[in-house]
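# Got a predicted structure here, sequence first:
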Amino acid sequence: MPYCPECGGKLNWDRRFRHYTCQSCGLTFTDHELSEAMDRLYRSRGEEEDEKSRRQKEYLEWWFKEKKDKR
């Protein structure tokens, strides 16, 4: 069973209207909209990890540069 990308609630499939409806927040998604929302959600998590890694590298470079300059 899929989960809502906005609130994490369970999604129910409505055959008559051919879309998913969230039990918690009431948002509705077609198959296409749901797949796009999930792609954005997972892509943003990956980009956050890349950004975190880049910041850590920059910080370490700055930290070691400061230590070398003080000697």
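Nice, thanks for sending it over. Numbering: from 1, shown residues only.
# Output the contacting helices and strands for the helix or strand where residue 50 lies.
Assigned by DSSP states H and E, residue 50 falls within helix 31-70. Helix 31-70 sits against strand 19-22, with contacts defined as 3 or more C-beta pairs under 8 Å, 6 or more residues apart in numbering; DSSP states H and E. Every C-beta, even on glycine, is put in place using the N, C-alpha and C of the backbone.
# Centre of the chain to the strand it packs on, how far?
How far strand 19-22 lies from its chain's middle: 20 Å, per C-alpha atoms, centre = their mean, to the nearest Å.
# What strands flank the helix or strand immediately after it in the chain, and is each parallel or antiparallel?
Tracing the chain past strand 19-22, the next element assigned as helix or strand by DSSP H and E is strand 28-29. Strand 28-29 has the following sheet partners, assigned by DSSP bridges: strand 19-22 (antiparallel).
# residues touching the most centrally placed residue in the chain, list them.
The structure's the chain has its C-alpha centroid closest to residue 41; by C-alpha atoms, centre = their mean the separation is 3.1 Å. With contacts defined as C-beta atoms under 8 Å, 6 or more residues apart in numbering, the neighbours of residue 41 are residue 5.
# Any figure for the gap between it and residue 23?
In this structure, residue 41 and residue 23 are 18 Å apart, going by C-beta to C-beta, to the nearest Å.
# Please identify the buried residues of the lowest-mean-pLDDT helix or strand in the chain?
Of all regular secondary-structure elements in the chain, judged by mean pLDDT, DSSP states H and E, the least confident is helix 31-70 with a mean of 82. Taking 16 or more other C-beta atoms under 10 Å as the basis for neighbour counts, the residues of helix 31-70 that come out buried are residue 34.
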